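Participant: Give me a model of this one.
(2 chains)
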Amino acid sequence: MHNGTKWFRESIVRRIDPGAEPVTTSTTTTGPTVTPSAAPAPCHTHRRRGRIVGAAAVALAGASLLGTGAFSAWNATTAVSGNVAAGVVTPALVDANGGSFTTAVANLLPADYFYRYVDVRNDGSAPSTFTGTVTASGDLAGQVLVEATSCSVAWTAGSVCSGTTTALGTGTPTAATPLVVNHGTVANGASAAQHVRYKFTFSASAPSTLQGKTGSLSATVSNTAVGGNDRTGG
Amino acid sequence: MAGFLLGFVVLLQAATPAVAAPWVGTATTSSPVTMARVGSSFQNAVGTGTVSPTQYALSGLLTTATGYVELANTSTIPATLTLSMSTGNLIGTSPVSVCPVPWNTTTGVCPGVVATVGSAAQPNQAVTYSTTAPVDANASIYLKVQVTGVLNTVTLTATPVVTRPGGADRTTT
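Facilitator: Alright, predicted model coming up:
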């Protein structure tokens, strides 16, 4: 044992038990021949060792109290949180002006035409730019003139727009080459819906071979939200 | 060498600026469309005579010959049916009568109002007949052809039907 350590231990023992004998190196040495089961009954030396260990434990505990727990501590905690929600991209085509886009049309003759009305609605969480397409598939491909027009207010019966009309696109689409409809920016919310009228006109020169044939007209709108914006302000 | 290349690739990826993935929403609606079919056809002949979709013919030889045939509107929409009658050398009353409902082929009587194709047979001239009103899709008019006397042949030919004009607003119909 280090001499300094030995001196410290002896001094502690003497202060606790002035009559104790000085601790010698031999009394603190343990060896492989000494086991708990083989140890003799506590003798005077062992009792003294226990007192020494107990006194050391008390001293260390006291020291630890002096270092950390001697004073009461006032702890205060505060927290702040912010709600974060992922954006939603939800375009919608809503039937308008009392009609339904999906209503079938039968027995179309050359130069016949019909209107369909939809509200292009942004049900997402932020304004977004909308792009639309119109396709004519089956035997209608290339045989229907499509005119897409928006009205600043809702269309009314008789295909009347009492507001301002804007041409969104005109063409004769096929399935492979759709007509592109530029809807522009549509703010979110039902009240900001874009009122769109599609006019479909069957070709006046449609060949007689198209008699009894079928096809379909489809309108699609899509919008894209791209992130990467500084949202510090909300 | 492989480790060097891998490291190079990793460096390249790290140098590429991050691109935010776009979120796309789409909504679609569609409308089925069927084009009209127009036409007429001779069918359901009874008695003597030969029939094809476009023609019906009946010949008489020194005796009376009677035949019945329908002219059907095979269009998908109402149409005015039209036919042409040719009577060869026949002179006299018209050999073709039209009934709006099927003839009683036993008694030769029309249960409805009979119309006559042409006022009279004109030698070597064709007479055209049209229904006075559009006939519904898949409906028919019923013809009775009767020839008597010398050798004569009556030929009926279906001509193009007339439907409503094109260019109609079909938004609600």
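Participant: what residues are up against B:Met163?
Facilitator: I think there's a mix-up here, since residue B:163 is Thr and not Met. A:Leu109, B:Ala36, B:Val38, B:Ser75, B:Ile77, B:Pro78, B:Ala79, B:Thr80, B:Pro134 (C-beta atoms under 8 Å, 6 or more residues apart in numbering or on different chains). No exception for glycine: its C-beta is placed from N, CA and C like everyone else's.
Participant: Now for the first one, how many residues are close by?
Facilitator: I take that to be A:Leu109. As a burial measure, A:Leu109 scores 20 neighbours (other C-beta atoms under 10 Å in any protein chain shown).
Participant: which one of the contacts of B:Thr163 sits closest to A:Gly234?
Facilitator: A:Leu109 (56.9 Å; C-beta to C-beta).
Participant: Enumerate every residue touching the closest residue to that closest one other than its chain neighbours.
Facilitator: Among residues not flanking A:Leu109 along the chain, B:Gly166 sits closest, at 3.9 Å (C-beta to C-beta, 6 or more residues apart in numbering or on different chains). Listed by C-beta under 8 Å, 6+ apart, the contact set of B:Gly166 reads A:Leu109, A:Pro110, A:Ala111, A:Asp112, A:Phe202, A:Ala204.
Participant: Buried members of those into PyMOL, please.
Facilitator: In PyMOL, this line selects whichever of the contacts of B:Gly166 come out buried by 16 or more other C-beta atoms under 10 Å in any protein chain shown:
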select buried, chain A and resi 109+110+112+202
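Participant: Filter the contacts of B:Gly166 down to just the ones in strands.
Facilitator: The members of those that map onto strands under DSSP state E are A:Phe202.
Participant: Tabulate the contacts of B:Gly166 (CSV), appending pLDDT and distance to B:Ser130.
Facilitator: Conversion of these to CSV gives the following (pLDDT from 0 to 100; distance: C-beta to C-beta, whole Å):
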residue, pLDDT, distance to B:Ser130
A:Leu109, 97, 19
A:Pro110, 97, 22
A:Ala111, 97, 23
A:Asp112, 97, 24
A:Phe202, 97, 26
A:Ala204, 97, 25
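Participant: which of the contacts of B:Gly166 lies closest to A:Val221?
Facilitator: Nearest to A:Val221 among the contacts of B:Gly166: A:Phe202, at 23.7 Å, using C-beta to C-beta.
Participant: For beta bridges, what are the partners of that closest one?
Facilitator: Counting by DSSP bridges, A:Phe202 is bridged to A:Val144.
Participant: I'd say it and A:Leu109 touch.
Facilitator: Yes. Contact criterion C-beta atoms under 8 Å: A:Phe202 and A:Leu109 qualify, at 7.3 Å.
Participant: okay, and the common contacts of the two?
Facilitator: Residues within reach of A:Phe202 and of A:Leu109 at once, by C-beta under 8 Å, 6+ apart, are B:Met35, B:Gly166.
Participant: Give me the distance between B:Asp136 and chain A.
Facilitator: Distance of B:Asp136 to chain A, computed by C-beta to the nearest C-beta, to the nearest Å: 13 Å.
Participant: Report pLDDT for that residue.
Facilitator: pLDDT recorded at B:Asp136 is 97.
Participant: List the contacts of it.
Facilitator: For B:Asp136, the contacting residues are B:Asn73, B:Pro78, by C-beta under 8 Å, 6+ apart.
Participant: shaky segments in chain B?
Facilitator: B:1-18, B:60-62, B:90-92, B:120-122, B:124, B:149-151 (pLDDT under 70).
Participant: where exactly do the strands run in it?
Facilitator: For chain B, applying DSSP E gives strands covering B:23-35, B:40-47, B:50-51, B:55-60, B:65-73, B:80-86, B:92-93, B:96-99, B:115-116, B:120-121, B:126-130, B:140-147, B:152-162.
Participant: how about those, which one is nearest chain A?
Facilitator: strand B:23-35 (3.7 Å; C-beta to the nearest C-beta).
Participant: Whether that closest one contacts chain A - can you check?
Facilitator: Yes. Using C-beta under 8 Å from any C-beta of the partner chain, strand B:23-35 reaches chain A at B:23-35.
Participant: Quick one: those residues as a markdown table, columns for neighbour count too.
Facilitator: Below are these laid out as a markdown table (neighbours: other C-beta atoms under 10 Å in any protein chain shown):
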| residue | neighbour count |
| --- | --- |
| B:Trp23 | 17 |
| B:Val24 | 12 |
| B:Gly25 | 19 |
| B:Thr26 | 15 |
| B:Ala27 | 20 |
| B:Thr28 | 15 |
| B:Thr29 | 18 |
| B:Ser30 | 15 |
| B:Ser31 | 19 |
| B:Pro32 | 16 |
| B:Val33 | 27 |
| B:Thr34 | 19 |
| B:Met35 | 24 |
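Participant: How many residues are close by A:Asn97?
Facilitator: 20.
Participant: Report the contact partners of the nearest residue to it once chain neighbours are set aside.
Facilitator: Leaving aside its chain neighbours, A:Asn97 sits nearest to A:Tyr117 (3.8 Å; criterion: C-beta to C-beta, 6+ apart). With contact set as C-beta under 8 Å, 6+ apart, A:Tyr117 has these partners: A:Asp95, A:Ala96, A:Asn97, A:Gly98, A:Gly99, A:Phe101, A:Trp155, A:His195, A:Val196, A:Arg197, A:Tyr198.
Participant: Tabulate those residues in CSV, adding columns for pLDDT and secondary structure.
Facilitator: Converted to CSV, the contacts of A:Tyr117 look like this (pLDDT from 0 to 100; DSSP: H, G, I helix; E, B strand; the rest coil):
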residue, pLDDT, secondary structure
A:Asp95, 96, strand
A:Ala96, 96, coil
A:Asn97, 95, coil
A:Gly98, 94, coil
A:Gly99, 94, coil
A:Phe101, 96, coil
A:Trp155, 97, coil
A:His195, 98, strand
A:Val196, 98, strand
A:Arg197, 98, strand
A:Tyr198, 98, strand
